[in-house]
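**Student:** whatever this is, show me its structure:
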Amino acid sequence: MATVEKSIEVNVPVTTAYNQWTQFEDFPKFMENVESVRQTDDRHMHWIAQYRGERREWDAEIVEQVPDKRIVWQGGGDVQQSGIVMFEPIDAARTKVTVRMSGSPRA
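**Tutor:** You can find the predicted model right below:
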């Protein structure tokens, strides 16, 4: 299972960064290889994406959500993956966003 971690500083307050991240259905607009994300309820999403050159579908569940702090998820189906996104205010107008994801496709 591979793990990737990336951070970026954005020029928006932490609440703005957090609120934008929770618009899961907008992910295909800025995430390469993501075809669609459909939120089925407050804790579940269905993903369709190109994964290692193949079209994959999987469901993900939010297992922890702390507004303006973090979102933790776990996925299943064709792609076993989990992750956390953390939001850290740098100052009143800037936020550090860190994403850590681990995953591997099912055979």
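
**Student:** and the strands in the protein?
**Tutor:** Using DSSP state E, the strands of the chain run over residues 2-10, 34-39, 44-51, 54-66, 70-77, 79-91, 94-105.

**Student:** roughly how far apart are the closest residue to residue 93 other than its chain neighbours and residue 61?
**Tutor:** Distances taken as C-beta to C-beta, 6 or more residues apart in numbering put residue 13 closest to residue 93, at 6.0 Å, once the chain neighbours are dropped. For every residue, glycine as well, the C-beta is placed using N, CA and C. Separation of residue 13 from residue 61 (C-beta to C-beta, to the nearest Å): 28 Å.

**Student:** neighbour count winner among the two?
**Tutor:** Neighbour totals were compared for residue 13 and residue 61, and residue 13 leads with 18 against 14 (other C-beta atoms under 10 Å).

**Student:** I figured that one was touching residue 95, is that so?
**Tutor:** Yes - look at residue 13 against residue 95 with C-beta atoms under 8 Å: they come within range, at 6.6 Å.

**Student:** shared neighbours of those two, anything?
**Tutor:** residue 89 (C-beta atoms under 8 Å, 6 or more residues apart in numbering).

**Student:** now the strands of the chain in a markdown table, with mean pLDDT and distance to residue 25?
**Tutor:** Formatted as a markdown table, those follow (pLDDT from 0 to 100; distance: least, C-beta to C-beta, whole Å):
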| stretch | mean pLDDT | distance to residue 25 |
| --- | --- | --- |
| strand 2-10 | 94 | 20 |
| strand 34-39 | 95 | 5 |
| strand 44-51 | 90 | 8 |
| strand 54-66 | 93 | 13 |
| strand 70-77 | 90 | 15 |
| strand 79-91 | 92 | 16 |
| strand 94-105 | 89 | 18 |
